[in-house]
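Chemist: Build the 3D model from these lines:
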Amino acid sequence: MADIRVGKPDTTQTSPAHIRGVKGGNEPGGYDAMPGHLPDGKGTAERSTGINADKRNPIDPNSPNLSPA
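Modeler: Coordinates of the predicted model:
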């Protein structure tokens, strides 16, 4: 095999994979704090982009909001 240089590891093999107190992205109530997420599960352009988000929504209110992400 080739000699491959690697750096010092950031953690040990015995350290836990999950840490108590760190909030996960799928915790209940997570959508309340995120911009662009609506209570009914739909989203606005603000969910996908922060640049002129109000210009990225559909012109006709009856049209579906197809966000890029």
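
Chemist: Please point out which parts of stretch 28-42 sit buried.
Modeler: Within stretch 28-42, the residues scored as buried using 16 or more other Cβ atoms under 10 Å are 36, 37. C-beta: built from backbone N, CA, C; applies to glycine.

Chemist: Tabulate the CA atom coordinates of that stretch in PDB.
Modeler: In PDB, the C-alpha atoms belonging to stretch 28-42 read as follows (Å, rounded to 0.1, in the frame of the first residue of the first chain):
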ATOM      1  CA  PRO A  28     -41.100  18.600  17.400                       C
ATOM      2  CA  GLY A  29     -41.600  22.300  17.000                       C
ATOM      3  CA  GLY A  30     -38.500  22.700  14.800                       C
ATOM      4  CA  TYR A  31     -40.500  24.300  11.900                       C
ATOM      5  CA  ASP A  32     -41.800  27.100  14.200                       C
ATOM      6  CA  ALA A  33     -38.400  28.700  14.300                       C
ATOM      7  CA  MET A  34     -37.500  28.200  10.700                       C
ATOM      8  CA  PRO A  35     -38.300  30.900   8.200                       C
ATOM      9  CA  GLY A  36     -40.400  29.900   5.200                       C
ATOM     10  CA  HIS A  37     -42.100  26.900   6.800                       C
ATOM     11  CA  LEU A  38     -45.800  27.100   7.100                       C
ATOM     12  CA  PRO A  39     -47.900  25.300   9.900                       C
ATOM     13  CA  ASP A  40     -49.700  23.200   7.300                       C
ATOM     14  CA  GLY A  41     -46.400  21.600   6.100                       C
ATOM     15  CA  LYS A  42     -46.100  23.800   3.000                       C
END
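
Chemist: For residue 45, which residues are in contact?
Modeler: Going by Cβ atoms under 8 Å, 6 or more residues apart in numbering, residue 45 touches 36, 53, 54, 55, 56, 57, 65, 67.

Chemist: Residue 20: which of the residues you listed is nearest?
Modeler: Using Cβ to Cβ, residue 36 comes nearest to residue 20 of those, at 29.4 Å.

Chemist: Return the distance of residue 57 relative to residue 37.
Modeler: Distance of residue 57 to residue 37, computed by Cβ to Cβ, to the nearest Å: 14 Å.
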